[in-house]
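Colleague: here's my sequence, what's the structure:
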Amino acid sequence: MRPAYLSAARSLQLGREAAIEGESKAALELLSEALGTLRVLPPERTRDVLLSHVHLAFFQTLAIIGADAADEHLHLGVSYARSTRDPLARAIAQECLSGMEAVL
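Modeller: Presented below is the predicted three-dimensional model:
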């Protein structure tokens, strides 16, 4: 099962890098790949932490391009961040929520 986590983490990393470089389509494809890998794994903390990061990265990427599906990823990312209590995921979730409050 570890190779699946490494594969998902690598897709997440590459997806974030692509989003930063302005390559939204490539970023979304890589994040979709990570999400697909993680969804077939049984629930456990490592999977849930990675799911939080992937959903939050999806939200950030979709928010940049103005897509409507961004809110669902924010909700899921925040939920996973809260349930896992991962400090980094929680910090990213808080940053995303703060950005939403500024927009509203």
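
Colleague: residue boundaries of the strands in the chain?
Modeller: Ranges of strands in the chain, per DSSP state E: none exist.

Colleague: which ones are touching the residue most central in space within the chain?
Modeller: By Cα atoms, centre = their mean, the mean C-alpha position of the chain lies nearest to Val54, the distance being 2.1 Å. The contact partners of Val54, taken as Cβ atoms under 8 Å, 6 or more residues apart in numbering, are Ala8, Leu12, Gly15, Leu31, Ala34, Leu35, Leu38, Gly77. Backbone N, C-alpha and C define where each C-beta goes, glycine included.

Colleague: one more pass at 10 Å, please.
Modeller: Counting by Cβ atoms under 10 Å, 6 or more residues apart in numbering, Val54 touches 8-9, 11-12, 15-16, 30-39, 73, 76-77, 80.

Colleague: grab the longest helix from the protein for me.
Modeller: helix 45-65 (DSSP state H).

Colleague: in that helix, which residues are buried?
Modeller: Going by neighbour count (16 or more other Cβ atoms under 10 Å), the buried part of helix 45-65 is 46-63.

Colleague: again with stretch 21-28
Modeller: Of all the residues in stretch 21-28, those buried under the rule 16+ other Cβ under 10 Å are Ala27, Leu28.

Colleague: equivalent analysis for stretch 62-82, please.
Modeller: By neighbour count on 16+ other Cβ under 10 Å, the buried set for stretch 62-82 is Leu62, Ala63, Ala70, His73, Leu74, Leu76, Gly77, Val78, Tyr80, Ala81.

Colleague: from Ile20, how far off is Thr84?
Modeller: 24 Å (Cβ to Cβ, to the nearest Å).

Colleague: who has more neighbours, the two?
Modeller: Thr84 (19 against 12; other Cβ atoms under 10 Å).

Colleague: contacting residues for Ala91?
Modeller: Under the criterion of Cβ under 10 Å, 6+ apart, the neighbours of Ala91 are Ala81.

Colleague: going forward can the numbers begin at 26, since that is how I track them
Modeller: That works, and once the first residue is 26, the last one we named lands at Ala116.

Colleague: ok, it to Leu122 distance?
Modeller: According to Cβ to Cβ, Ala116 stands 11 Å off from Leu122.
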